[in-house]
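**Q** Sequence plus the predicted model coming up.
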Protein chains: 2
Amino acid sequence: MDFQKKITKLQKEINKRLEIFFEKKIKETRSISLLMSQMTKEISDQMTKEINNFVLRGGKRIRPILAYYGYFAAGGKGKKAILDAAISIEIIHNYLLIHDDIIDKDEFRRGKPTIHQKYKKIYQRTSKEAEHLGISAGIVAGDLCSSFGYEILTKSKFPDSLKVKALDKLNRIITEVGGGEVLDVFWGIKHKLSRDEIFKILEYKTARYTIEGPLHLGAILAGADKKILKKLSDYAIPLGIAFQIQDDILGMFGDEKKLGKPIGSDLREGKQTLLIFKARRSANRRQRKIIDRALGNLNLTKNQLEKVREIVIKTGSLNFARNLAKKLVSQSKIAIKKSNFPSEVKGFLTELADFIIEREK
Amino acid sequence: MDFQKKITKLQKEINKRLEIFFEKKIKETRSISLLMSQMTKEISDQMTKEINNFVLRGGKRIRPILAYYGYFAAGGKGKKAILDAAISIEIIHNYLLIHDDIIDKDEFRRGKPTIHQKYKKIYQRTSKEAEHLGISAGIVAGDLCSSFGYEILTKSKFPDSLKVKALDKLNRIITEVGGGEVLDVFWGIKHKLSRDEIFKILEYKTARYTIEGPLHLGAILAGADKKILKKLSDYAIPLGIAFQIQDDILGMFGDEKKLGKPIGSDLREGKQTLLIFKARRSANRRQRKIIDRALGNLNLTKNQLEKVREIVIKTGSLNFARNLAKKLVSQSKIAIKKSNFPSEVKGFLTELADFIIEREK
């Protein structure tokens, strides 16, 4: 089977499991609120359904796919249990997205309204407090999603000793990305970041969270030792950094429709990506002024965005980022080549590495 | 040792453990951000310290105390491991408080600013976005607190099989109270609740969350079977309802300084407590109008509050609530008497039941 077919098949299997989980949850919410009035029942029901719609409206499912292959890299057997457990990391990811969307004031995610935005709209007709009700509903939805994620892993069909280790890992993933979130919150009032800081954020916010964490989670459920985890990290960290660099590139030069979010959001939110860092450093005074006026400018115009894009190209920053991503991806592939993972796993992870810098969304 | 001394001693032991945990966490945050700039280090550091201050500035520690006695009720041995694990439920409680404070727009908790309010003040001098930064910081602080709570239980010194069961219980506690939170969010736009609904909320929002959940959590860590859990529920549910009724009474007639929050908050926020429900039902037309004007009125005056208090007394609602709480407490005590828990546990839980309706904060 070719790579794209493999990915599509896995995505389908993961989505199926997510659907089943939410169906079960919606039934449970109903039974909890059985003795409550029709109205309160509808409210609880609606919340679980909104989370369900949010999670199932799209997403690359990169994290559960990595957990799945991490499991087989470490010699795990049978795919049912690992697929069931792997959706925990996807749901945890959605919990963090829901909260992040509130923090970043994002109105769209995967082409549709974010949760807090959806609720704001629902209550706009009946309440002056719609804005606050939206945020409140988003907080609660994220919190519910969080306990759903823990629940799935806790109830998965693995030996208790492995589940405890995996839960510990899941916690560490969340705490570390929480550290990244802390930085994001105060992004707006920050100083200019240094090169080292930008790479540290790339490592913690993306490489560990998106690639290494899920791979380790799966591997731990197969009983992986430190040596295997180390080998997975050798693959994951460079790939994760490349993944984020590609994300930054797409966020600035990608196709709005494919991405499901507006181009230039990072710039508007004042995020100091590697792309912007490098462009600023190679820019002349006039160009630097244009960048600085655009960075964090919530009213960024199309014209301003276009000018920043030109500068990113002219200064060589775009090429620099593309080449760096390529270099990192080859590092990852070398790490895989040197490993003694099963050949099917080696094949998939190698193709995944290429896919990550070739993707358009 | 008399009851008050026992409580005080346990509270001290719990606080000590909370302090040790946060000291460790602050060190960990520092090492994660070791390669970051001084400023980002300070931000992460500050967040953990703010959570630490919030958790340690007070609180009755009723939940970890109940987990502790639940453990011994189920025949658990040795107090070190259970005390270490019991703080998980306190930290989870604080996670939910931090988020609830945002939702309810509460500015004070235990006599000091809530987390989102504290951050709002910090950034008011430097940012126009202080309000949003405050809320964002509160969301992140709650999220971090949540993973701290799971971490403590996951790393506690119990057999993996019991930890998995306890983690499952912890999850259910959070999901159920999440359901309660959902109702709270939409409280403002709700219909008048029925008597059954009020009791259902009393059961789910307080009895299960505050009393039964923690008792079960401790008992599960001692390997309790269903029979023991059932006996603990027979004690917990009536006591939990009594606990909330007493909370409602204190919220309306208590001492502001002892409570650490303004009297009448529930009324201002439009919460339909049993006290208000009963008063409305026995009120004449004029009295009912006064109540309805006060309920959910964010600009409630002292005079209005005083009038509602008079109505709650005159209609017999205060006496009704007090008597009901007493009746429920005796039910709890009978359940304990019938149990075969160790005599020390029976003694403590019986005294605790009395304490819960006699407390002033």
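**A** Looks like it came in fine.
**Q** The residue of the stretch 251-361 of chain A at minimum distance from chain B: what secondary structure?
**A** The stretch 251-361 of chain A approaches chain B most closely through A:L298 (9.8 Å), counting by Cβ to the nearest Cβ. Glycine gets a C-beta too; all of them are placed from N, C-alpha and C. Judged by DSSP: H, G, I helix; E, B strand; the rest coil, the three-state class of A:L298 is coil.
**Q** in the stretch 151-300 of chain A, what residue is nearest chain B?
**A** A:D160 (4.0 Å).
**Q** Tell me which residues touch that residue, please.
**A** Residues near A:D160 by Cβ atoms under 8 Å, 6 or more residues apart in numbering or on different chains: B:160-161, B:163-164.
**Q** of those residues, closest to B:Y69?
**A** B:K163 (19.5 Å; Cβ to Cβ).
**Q** so which strand or helix has the closest one?
**A** Secondary structure assigned from DSSP states H and E places B:K163 in helix B:160-185.
**Q** and the very next helix or strand once past that helix, which residues are buried?
**A** Following helix B:160-185 in sequence order, the next helix or strand is helix B:195-201 (DSSP H and E). Neighbour counts over helix B:195-201 (16 or more other Cβ atoms under 10 Å in any protein chain shown) mark B:197-201 as buried.
**Q** Pipe these into a markdown table and attach pLDDT and distance to A:E13 per row.
**A** Listed next are those as a markdown table, based on pLDDT from 0 to 100; distance: Cβ to Cβ, whole Å:
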| residue | pLDDT | distance to A:E13 |
| --- | --- | --- |
| B:E197 | 77 | 41 |
| B:I198 | 82 | 45 |
| B:F199 | 84 | 44 |
| B:K200 | 79 | 39 |
| B:I201 | 78 | 40 |
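**Q** near chain A, which of those residues show up?
**A** B:197, B:200 (Cβ under 8 Å from any Cβ of the partner chain).
**Q** Closest one of the buried residues of helix B:195-201 to B:K338?
**A** Closest to B:K338, out of all of the buried residues of helix B:195-201 and judged by Cβ to Cβ, is B:F199, at 23.5 Å.
**Q** before we move on, back to that, in PyMOL, select just the buried ones from the contacts of A:D160.
**A** Selection of the buried residues among the contacts of A:D160 in PyMOL, burial being defined by 16+ other Cβ under 10 Å:
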select buried, chain B and resi 163+164
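**Q** Columns pLDDT on top of the contacts of A:D160, output as CSV?
**A** Output for these, formatted as CSV (pLDDT from 0 to 100):
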residue, pLDDT
B:D160, 98
B:S161, 98
B:K163, 98
B:V164, 98
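**Q** will you turn the contacts of A:D160 into CSV that also has distance to B:K24?
**A** Below are these laid out as CSV (distance: Cβ to Cβ, whole Å):
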residue, distance to B:K24
B:D160, 22
B:S161, 26
B:K163, 19
B:V164, 24
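**Q** Tell me which two in the contacts of A:D160 are the farthest apart.
**A** So, the contacts of A:D160 by Cβ to Cβ: farthest apart are B:S161 and B:K163, at 7.4 Å.
**Q** Counting residues, which helix of chain A comes out longest?
**A** When chain A is parsed with DSSP state H, its longest helix is helix A:3-32.
**Q** And that one, what's buried?
**A** A:6-7, A:10-11, A:13-15, A:17-18, A:21-22, A:25-26, A:29, A:32.
**Q** between these, which is nearest chain B?
**A** A:I32 (5.7 Å).
**Q** got a pLDDT number for the closest one?
**A** Per-residue pLDDT puts A:I32 at 59.
**Q** Then A:E42?
**A** We have a pLDDT of 68 for A:E42.
**Q** now the one 3 residues further on
**A** The pLDDT attached to A:D45 in the predicted structure is 78.
**Q** Could you list the alpha-carbon positions for stretch A:247-259 in PDB?
**A** The C-alpha trace of stretch A:247-259 is given here as PDB (Å, rounded to 0.1, in the frame of the first residue of the first chain):
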ATOM      1  CA  ASP A 247       3.800  25.100   9.600                       C
ATOM      2  CA  ASP A 248       5.300  28.500   9.800                       C
ATOM      3  CA  ILE A 249       5.900  28.600   6.000                       C
ATOM      4  CA  LEU A 250       2.300  27.400   5.300                       C
ATOM      5  CA  GLY A 251       1.000  30.000   7.800                       C
ATOM      6  CA  MET A 252       2.600  32.700   5.700                       C
ATOM      7  CA  PHE A 253       2.600  31.300   2.100                       C
ATOM      8  CA  GLY A 254       0.100  28.500   2.200                       C
ATOM      9  CA  ASP A 255      -3.400  28.100   0.800                       C
ATOM     10  CA  GLU A 256      -6.100  29.500   3.100                       C
ATOM     11  CA  LYS A 257      -8.700  27.000   2.000                       C
ATOM     12  CA  LYS A 258      -6.500  24.000   2.500                       C
ATOM     13  CA  LEU A 259      -5.300  25.300   5.900                       C
END
